[in-house]
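Trainee: coordinates only, no sequence provided:
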């Protein structure tokens, strides 16, 4: 069984072109939860590949990407109020 890592990725990128490239990469790996926030359930290999792809597009002096790794217990405590409901795309850990 492949262990999956639940990762929340948030970014702050001022350049429209770079921001769009990062968003397109993240759309391949997870679900957009907010304009600049994605939830991803990834194997270690997928996580490594995604991070390398993102890093290759960034300008280190002006762009920020944050990775938050959530445990199974923490994920079940997440709450959402308002916004679009992605119930059919919610990632569940059992």
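Mentor: Structure received. Predicted model, so just to flag it, every value in this text is computed and none were measured. Residues are numbered from 1 along each chain as shown.
Trainee: does residue 6 count as helix, strand or coil?
Mentor: With DSSP: H, G, I helix; E, B strand; the rest coil as the basis, residue 6 sits in strand.
Trainee: then the one 3 residues further on?
Mentor: Using three-state DSSP, the structure places residue 9 in strand.
Trainee: if I look at it, how far off is residue 25?
Mentor: Distance of residue 9 to residue 25, computed by Cβ to Cβ, to the nearest Å: 10 Å. All C-beta spots, glycine's among them, are computed from the backbone N, C-alpha and C.
Trainee: over to residue 67?
Mentor: 13 Å.
Trainee: of those two, which one has the most company?
Mentor: More crowded of residue 67 and residue 25, by other Cβ atoms under 10 Å: residue 25, with 19 against 15.
Trainee: wait, what's in contact with that one?
Mentor: 50, 53-54, 57 (Cβ atoms under 8 Å, 6 or more residues apart in numbering).
Trainee: rerun that using 7 Å as the cut-off
Mentor: Going by Cβ atoms under 7 Å, 6 or more residues apart in numbering, residue 25 touches 50, 53-54.
Trainee: now residue 50: closest residue in space, sequence neighbours ignored.
Mentor: Leaving aside its chain neighbours, residue 50 sits nearest to residue 29 (5.0 Å; criterion: Cβ to Cβ, 6 or more residues apart in numbering).
Trainee: what about the one you found, neighbour count?
Mentor: Residue 29 - counted by other Cβ under 10 Å - has 19 other residues nearby.
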